[in-house]
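Novice: Got a sequence here, can you model it:
(chains A and B, ligands or ions: 2)
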Amino acid sequence: MDIAVLIKYVPDTTAKISINGDRVDESSVSKWSISPFDEYALEAALAMKESSGAKVTAITCGPTRSEKALRDAAAVGADALVHIIIDDLVALDSTKIQGLLAGAVKQIGAQIVFCGKQAADTNSGSTGPGVAELIGAACVTNASEISSDGDGFNVLRPASSGSERVNVGAPCVVAFDKTTSELRRPNVKGIMMAKKKPIESMDSGALGVDVSGSAAIINSQSPPPEKSPGQMFDGADSVSEVVQKLRNEAKVI
Amino acid sequence: MDITIIAETNENGLHPVTSQMVAAATSLGSSPTILCPGGISTDSAASIDGVSAVIGVEGDCFSSFDGGAWSSALNSAIGGGTIFTAATPNGREMAARVAAARGIPVIQDATGISSGLTISRPIYSGKAMEEVSVSGDCVISIRPNTFTPSGSGGSASVSTVNHSSDVSVTVMEAIAKASERLDVSEADIVISGGRGMGNIDNWGQLEAVADQIGAAVGASRAVVDEWGLSHSIQVGQTGKVVTPTLYIAVGISGAIQHLAGMRSSKYIVAINKDADAPIFGVADYGIVANWEDALPALKDALSSL
Ligand SMILES: Cc1cc2nc3c(=O)[nH]c(=O)nc-3n(C[C@H](O)[C@H](O)[C@H](O)COP(=O)(O)OP(=O)(O)OC[C@H]3O[C@@H](n4cnc5c(N)ncnc54)[C@H](O)[C@@H]3O)c2cc1C
Ligand SMILES: Nc1ncnc2c1ncn2[C@@H]1O[C@H](COP(=O)(O)O)[C@@H](O)[C@H]1O
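Specialist: Ligands and ions are numbered 1, 2, ... in the order given. Model prediction:
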């Protein structure tokens, strides 16, 4: 079983996001990390490796700095690393990004793709299902538990009436939510080995994707709208006053 | 401009976001067509003001959700133009697949749209906004509760087509919700508790207030993890993003990852004993008090309304 895991290197969720001109200022980001849900996807793939000998290939698409995501993935057990080098990811729309990632998945011949339900920067949730469409695969999103059943996977996902366990066979994409699995941490040996692990780089030309001319273009990124300061009240005695305001001022109850 | 809306439906019929999507479309001067997956709720869709036509797309694949099968079947019923879905988990999945199948871009979670086409949306969990402009057709998912719904005096024509597609995601087991409580991402009012509530034994007091006003109960990650509550009620970066009209936070400090999940709520009330808690930075009404006193007072005040 070959599993490709899509990992994106993003500003850590604890990092302050500031704007310079009309873009998020990447140079001021204090810490970069693998996007949180991608870590759960990687963890699930590594668990499959332990239980059924899957080969795990981590794929990232991004500038030179994102090589660190691949090293971090190797340190916890990823077998092979692929870097699609793109200097300015923000300039590419969903068609381009998905084309690149689907191209790399095809190139390595993986029938199974694990990724995050959404990236911590874009918050989109487009890439898993989009890549599935491009490689002709089924897709299950928001997976919070997974187990292999030989030919395919049993996956727990939310449903409007609660949750449901679904079965899906390869080729498939599974986009992960937070799972109940504890994330493994690298040990010294893992970190040393990861430093030496070769990284296969793929460029857009070889993947057959023309990265110029995105149909969707980001005009600007900006700070969130300022919220005017709220009204402050002191002590539980003020609760009834607030309730009155919710009724008469906000009109929400 | 030509806009096709994929209706959001669940076991209760048409989701309110459908009417909000119509409002977003009409604000661009469009009289949209609505597709109802599985032919569900075509009549209620037809009664939304501003809709030009409703098409029920019927097929075997619609008995349970398979984003691949659904979008392939629905895609066959859509001509050209721009396509809207709801920015719910299923809506986002269909948006992405339909866009990829058509080779057009997808823009998720729109909170504003103006002609051109220019779309604004939150990024970095609301720590920033982004404005995107698109040339040509695209697929856009619309964030629930951001557009004022359209009225309901319409009478659009209803037709039915048959399209199905192979299902590759099969449901083995349906697991009912642990409780009959409202889902935090659906509810109009959410009341959430955090570590400041002391311990799990006090949770019932929060639920009692929720029941009184028909609110859903949410939680911070700290209490979900430490008190073993269901992850499905966690609000925040790694939980649910909620946009209710009223969000009440009790004993929650307001860590950036929690704010990411609730800061776009229309009105926010915070109850916290620490006047410097960051949650007050996003609160419309901040109450500096111990929950032990404030929650019973809230219950009393609500019951005397
Ligand atoms: C990658 C990542 C993802 C995360 N995702 C999420 C997420 O999705 N959702 C989330 O919520 N968190 C998330 N967190 C955790 C987040 O950083 C905080 O740790 C968490 O939100 C804190 O929960 P809390 O506010 O309940 O607890 P605390 O921060 O401990 O706050 C408790 C508050 O209760 C107040 N208090 C104490 N006693 C009383 C009293 N008697 N009456 C009234 N108030 C009282 C205190 O003043 C304090 O402000 C994430 C963290 C990371 C690193
Ligand atoms: N540039 C990228 N490199 C690697 N994986 C990515 C990239 N962009 C998106 N992904 C994967 O797709 C998921 C969803 O991303 P998004 O559609 O941007 O929300 C992420 O959690 C990653 O698993």
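Novice: B:Arg97: what secondary structure?
Specialist: Counting by DSSP: H, G, I helix; E, B strand; the rest coil, the backbone at B:Arg97 sits in helix.
Novice: Enumerate the residues of chain B near ligand 1.
Specialist: B:194-196, B:220-223, B:234-239, B:251-253, B:255, B:257-258, B:261, B:272-274, B:277, B:290-292 (Cβ under 6 Å from any ligand atom). To be clear about C-beta, it is placed using only N, CA and C from the backbone, and glycine gets the same treatment.
Novice: Just the ones in helices from these, please.
Specialist: Secondary structure from DSSP state H places B:Arg221, B:Ala222, B:Val223, B:Gln257, B:His258, B:Gly261, B:Trp291, B:Glu292 of those in helices.
Novice: check contacts around A:Val155.
Specialist: By Cβ atoms under 8 Å, 6 or more residues apart in numbering or on different chains, the residues touching A:Val155 are A:Val140, A:Ala143, A:Glu145, A:Ile146, A:Arg165, A:Val166, A:Asn167, A:Val168, A:Val174.
Novice: can you put these in TSV and add pLDDT?
Specialist: TSV is the format used below for those (pLDDT from 0 to 100):
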residue	pLDDT
A:Val140	98
A:Ala143	98
A:Glu145	97
A:Ile146	97
A:Arg165	97
A:Val166	98
A:Asn167	98
A:Val168	98
A:Val174	98
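Novice: Report how many residues lie close to B:Leu305.
Specialist: As a burial measure, B:Leu305 scores 12 neighbours (other Cβ atoms under 10 Å in any protein chain shown).
Novice: Spit out the contact partners of it.
Specialist: Counting by Cβ under 8 Å, 6+ apart, B:Leu305 has contacts A:Val243, A:Arg247, A:Ile253.
Novice: My guess is the last one contacts B:Pro244. True?
Specialist: No. With contact defined as Cβ atoms under 8 Å, A:Ile253 does not count as touching B:Pro244 (11.7 Å).
Novice: more neighbours, these two?
Specialist: More crowded of A:Ile253 and B:Pro244, by other Cβ under 10 Å: B:Pro244, with 26 against 18.
Novice: Quick one: residues in contact with whatever helix or strand A:Ala74 lives in.
Specialist: Here A:Ala74, judged by DSSP states H and E, is contained in helix A:67-75. Helix A:67-75 is contacted from outside by A:5, A:7-9, A:32, A:34, A:42, A:58, A:60, A:62, A:78, A:81-83, A:186, A:190-191, A:193-195, A:197, A:199, using Cβ under 8 Å, 6+ apart.
Novice: In strands, which of these appear?
Specialist: Taking DSSP state E as the definition of strands, the contacts of helix A:67-75 contribute A:Val5, A:Tyr9, A:Trp32, A:Ile34, A:Ala58, A:Thr60, A:Gly62, A:Leu81, A:Val82, A:His83, A:Ile199.
Novice: which one of those residues is nearest B:Asp166?
Specialist: Among the ones in strands among the contacts of helix A:67-75, A:Val5 lies closest to B:Asp166 (Cβ to Cβ), at 26.3 Å.
Novice: so what sits against both of A:Ile253 and B:Pro244?
Specialist: In contact with both A:Ile253 and B:Pro244: B:Ile189, using Cβ under 8 Å, 6+ apart.
Novice: that older thread, could you pick out the buried ones from the residues of chain B next to ligand 1?
Specialist: Buried residues within the residues of chain B next to ligand 1, counting neighbours by 16 or more other Cβ atoms under 10 Å in any protein chain shown: B:194-196, B:220-223, B:234-239, B:251-253, B:255, B:257-258, B:261, B:272, B:277, B:291.
Novice: picking up where we left off before, the helix holding A:Ala74 and ligand 2, are they touching?
Specialist: No. Using Cβ under 6 Å from any ligand atom, helix A:67-75 stays clear of ligand 2, with a minimum separation of 8.0 Å.
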